[in-house]
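> I'll drop the sequence and a predicted model, then ask my questions.
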Amino acid sequence: MKHLLLTISLTLLLASTCFAQVTFDIDNRNPKVNTAKVEVQTTKICQIVPKLAGLEATDLHITICIAKDKQEFRQVLPKDQKETPKAYYIRITKTLHFYKYDAYVFAHELTHALVDEYIGGKLPEKIREVIPTYIETKVRDVY
Ligand SMILES: [Zn+2]
């Protein structure tokens, strides 16, 4: 009986936990990229990541901008950045810029965005990478 009550309370607790709601717009500038496919993958990742990261509330609306090409993508990067990453998130505009869309990279970057929203400030570089890298690995296990 005691176990049953514990199970019921745990189920109710988990059911009542409200995880962060992530909504998005897609600005696809690359005709070679299938917007419908990106939308399906993004929707799924937006449901998985807040639960895996245990991030409650902190709703977030982002724009996913898929660049036409490398040259267009590089325009959003800081001028001193030599490498070309797959994606780059700009917190002020809440826009996640992609050179090439990838669901796992999206999961990583979305975690950065949610953590940034949650703590409302910057963490030191190395600490900053720990949670998104962990979540990206977890998403690879389940998706
Ligand atoms: Zn990162």
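Noted; the coordinates are in hand. Numbering: from 1, shown residues only.

> so where do the helices sit in this protein?
2-16, 35-53, 70-74, 103-119, 125-142 (DSSP state H).

> residue contacts, the spatially most central residue of the chain?
Closest residue to the average C-alpha location of the chain: residue 110 at 1.5 Å, with C-alpha atoms, centre = their mean. For residue 110, the contacting residues are 22, 45, 46, 49, 62, 96, by C-beta atoms under 8 Å, 6 or more residues apart in numbering. Just so you know, the C-beta spots here come from the backbone N, C-alpha and C atoms, and that holds for glycine as well.

> the helices of the chain: lowest mean pLDDT?
Sorting those by mean pLDDT places helix 2-16 lowest, at a mean of 59.

> let me have the helices of the chain in TSV, extended by distance to residue 88.
Formatted as TSV, the helices of the chain follow (distance: least, C-beta to C-beta, whole Å):
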stretch	distance to residue 88
helix 2-16	35
helix 35-53	17
helix 70-74	8
helix 103-119	8
helix 125-142	13
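
> so which of these is the most packed in?
Of these, the one with the most neighbours on average (mean count of other C-beta atoms under 10 Å) is helix 103-119, at a mean of 21.

> quick one: residue 81 and residue 40, what's the gap?
As judged by C-beta to C-beta, to the nearest Å, residue 81 and residue 40 stand 31 Å apart.

> residue 96 too?
Counting by C-beta to C-beta, the separation of residue 96 from residue 40 is 17 Å.

> residue contacts, the closest residue to residue 23 other than its chain neighbours?
Counting by C-beta to C-beta, 6 or more residues apart in numbering, residue 61 is the residue found nearest to residue 23 once chain neighbours are left out, at 4.8 Å. If you count contacts by C-beta under 8 Å, 6+ apart, residue 61 has them with 22, 23, 24, 25, 94.
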